[in-house]
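> need a structure here:
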Amino acid sequence: MATEFSGTVVGPGDAGYDELRSVFNGMIDRKPERILRCRNAADVAAAITTARADGRPISVYGGGHGVTGSAVIDGGVCVDLREINHVEVDAGNRTVTVGGGATWGAVDAATQEHGLAVTGGRVSSTGVGGLSLGSGSGWLERTYGFTCDSLVAAEVVTAAGEIVTASDDSHPDLFWALRGGGGNFGVVTEFTFALHPVGPIVLGGMLLYPGFMAKEVLRNWRDFMLDAPREVGGGVALITAPPEEFVPEPARGQPACGVIVLYVGDPEEGQRVLEPLTSFGPPAANLVGPMPYVAVQQLLDPPNPKGMHNYWSGDFLESFPDEAIETWVDNVQPPTSPLTQMIVVAGGGAIGDLTDDDTAFGNRGAPFNLHYLSMWPPDPSQDEVNIAKTRTIAAAMKPWTTGGVYLNFIGDEGLIRVEQAYGPEKYARLRKIKRVWDPDNVFRHNQNIPPAD
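I've put the predicted structure just below:
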């Protein structure tokens, strides 16, 4: 190991071990046998080879933001990519090369220096790897598609410890599977994305309404988004109004409805386009205006601190009729925890430019995507009631769902839920590709796709 691995090995009792094994979801308290802090793809290959030789299970730590906490594993080897975090922009060719341990905040900062961007996470601490491999939902998706739609190439360390490049021209089946198939097929140590013109100043922000207006706000937003131009992105969150100065004092700590909007284009034109949203209500607080794109990308950072207890689920909707809106609001309000955020985002636009078969992940025709994001302080006595509430809300919305799901939005819901995310034919194809690249299911500490028999 000493001659092959140039990184740092951290184990129980070592300085920094507890911090390194912590993840976004405070419910996760796993203790790897060792954490291998890799500096490059060769280190990752050495880590995988050694762990397999020792008979140890493997997890991969990119951003550690996934709700399942799959970045860390009890009694196994955590392959830590966080030091592989380079971000290199080629403005002339409109591409960015990103290390597998980078976060979206770093990518946004680097690309925005050139007025460019790629669809990224809605919280800046989200890891590039997990989001991209899970397809990648973000505020830019209606304009430029999922994150994986802009993926040009990936450097992959395989279960056999080999380093390969996957692209349309090199290992195309692997490249297809990486775009939405999760971390099932190898460890991606470097992503190359196509970049698109965005900002640096865009029209964006949030409209905040009292909770009792949620149903009419959602109806207005739904009707607008069904015909909205692809330059418009955004969603609606049923939340608790924070104790901030921009919130009228009587509304603080009360159920609220937040509408997040982004217009990718000329801000003056955006003001005209977004007028049906910004003039509705009126809102209790209107925080929409010209702002840096990076500020839009950080809007959800404050209400998503690391270390809270989290339980998530999700569903794509076939439609969002008035009855579904009423059911949604009636089940969500009042929230069990003031930290909980129940979110609906709009599909359409560039998401549908590719077919469901063009990438591993599909569900491209769904007009809306629900994210049940329950969050509460790190108090185990609150776990049961918050988890039960989330499941009740999800069950109530089932009549309007497609059966598909965006995997990055869900927790440990079993193999059947993973299969439903892809459908039987695509799932079978993914299992065959898995058999080629990871026949022993080394990369199984995830939303797992087992190899075909």
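
> Break this protein into its domains for me.
The record's domain parsing of the chain by automatic domain parsing lists 8-80, 87-198+430-437, 201-409.

> want to try TSV for the ones you listed, with distance to P424 as columns?
Placement of C-beta: from N, CA and C, glycine included. Listed next are the domains of the chain as TSV, based on distance: least, CB to CB, whole Å:
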stretch	distance to P424
domain 8-80	24
domain 87-198+430-437	11
domain 201-409	11
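
> Ranking those domains by mean neighbour count, which comes first?
Burial of the domains of the chain is given as mean neighbour count (mean count of other CB atoms under 10 Å); domain 87-198+430-437 ranks first at a mean of 22.

> Out of the domains of the chain, the one nearest H445 is which?
domain 8-80 (4.6 Å; CB to CB).

> average model confidence for the closest one?
Mean pLDDT, domain 8-80: 97.

> and what of stretch 126-134?
In this model, stretch 126-134 has a mean pLDDT of 97.

> roughly how far is it from the heart of the chain?
Relative to the centre of its chain, stretch 126-134 is centred 6 Å away, using CA atoms, centre = their mean, to the nearest Å.

> Keeping just the C-alphas, turn it into CSV.
What follows is stretch 126-134, C-alpha atoms only, in CSV (Å, rounded to 0.1, in the frame of the first residue of the first chain):
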residue,chain,number,x,y,z
THR,A,126,-23.8,19.2,-2.8
GLY,A,127,-21.1,16.9,-4.3
VAL,A,128,-20.6,17.0,-8.1
GLY,A,129,-20.2,13.2,-8.3
GLY,A,130,-23.4,12.0,-6.6
LEU,A,131,-25.6,14.6,-8.2
SER,A,132,-24.2,14.1,-11.7
LEU,A,133,-24.3,10.3,-11.6
GLY,A,134,-27.9,10.4,-10.3
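
> Residues contacting it, please?
60, 62-66, 81, 98-104, 107, 120-121, 137-138, 147-148, 151, 178-183, 188, 191, 361, 406-408, 447 (CB atoms under 8 Å, 6 or more residues apart in numbering).

> ok, 6 Å please
Defining contact as CB atoms under 6 Å, 6 or more residues apart in numbering, one finds that stretch 126-134 is touched by 62-63, 65-66, 98, 100, 102-104, 121, 147-148, 182-183, 188, 191, 407-408.

> Model confidence for the closest residue to V329 other than its chain neighbours, exactly?
What sits nearest to V329 in space, not counting adjacent residues and going by CB to CB, 6 or more residues apart in numbering, is A214, at 4.8 Å. For A214, the pLDDT comes out at 98.

> from what I can see A214 touches C257, true?
Yes - here A214 lies in contact with C257, judged by CB atoms under 6 Å, at a distance of 4.1 Å.

> if I look at the closest residue to G136 other than its chain neighbours, how far off is A166?
In this structure, G136 finds its nearest non-sequential neighbour in T147, 2.3 Å apart by CB to CB, 6+ apart. Relative to A166, T147 is positioned 15 Å away (CB to CB, to the nearest Å).

> and A452, which of the domains of the chain is closest to it?
domain 87-198+430-437 (4.0 Å).

> Quick one: distance of that closest one to the chain centre.
Using CA atoms, centre = their mean, the offset of domain 87-198+430-437 from its chain centre is 12 Å.

> Tell me the span between the first and last residue of it.
End-to-end span of domain 87-198+430-437 (CA to CA, to the nearest Å): 27 Å.

> out of the domains of the chain, nearest to F443?
Per CB to CB, nearest to F443 of the domains of the chain: domain 87-198+430-437, 5.5 Å.

> didn't A421 look like it was pressed against Y406?
No - judged on CB under 6 Å, A421 makes no contact with Y406 at a distance of 7.5 Å.

> how about low-confidence regions in this structure?
Applying pLDDT under 70 to the chain flags residues 1-3.

> in the chain, which spans are helices?
Under the criterion DSSP state H, the chain contains helices at 17-21, 41-53, 104-112, 128-133, 141-144, 172-178, 214-226, 267-273, 275-278, 293-297, 322-332, 383-397, 415-422, 424-437.

> Out of these, flag the one nearest G352.
Across these, closest to G352 is helix 141-144 (CB to CB), at 9.5 Å.

> Please work out which residues outside the closest one touch it.
By CB under 6 Å, 6+ apart, the residues outside helix 141-144 that reach it are 119, 196, 230-231, 233, 264, 348-351.

> want to try CSV for the residues you listed, with distance to E113 as columns?
Shown next, in CSV, are the contacts of helix 141-144 (distance: CB to CB, whole Å):
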residue, distance to E113
T119, 18
H196, 15
R230, 25
E231, 22
G233, 22
V264, 18
G348, 30
G349, 26
A350, 24
I351, 27
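
> Most widely separated two among the residues you listed?
By the measure CB to CB, H196 and G348 form the most distant pair in those, at 17.4 Å.

> give the contact list for V164.
Residues in contact with V164, defined by CB under 6 Å, 6+ apart, are V156.

> how much space between G348 and I58?
Taking CB to CB, one finds G348 at 38 Å from I58.

> How about I449?
For I449, the distance to I58 equals 16 Å [CB to CB].

> for the contacts of helix 141-144, which one is nearest M206?
The closest of those to M206 turns out to be G233 (CB to CB; 12.9 Å).

> Verify the stated contact: that closest one with V261.
No - with contact defined as CB under 6 Å, G233 does not count as touching V261 (7.6 Å).

> which neighbours do these two share?
Common neighbours of G233 and V261 (CB under 6 Å, 6+ apart) do not exist.

> Pull the residues that contact stretch 382-394.
When contacts are defined by CB under 6 Å, 6+ apart, stretch 382-394 is touched by residues 311, 313, 331-332, 336-337, 372, 374, 376.
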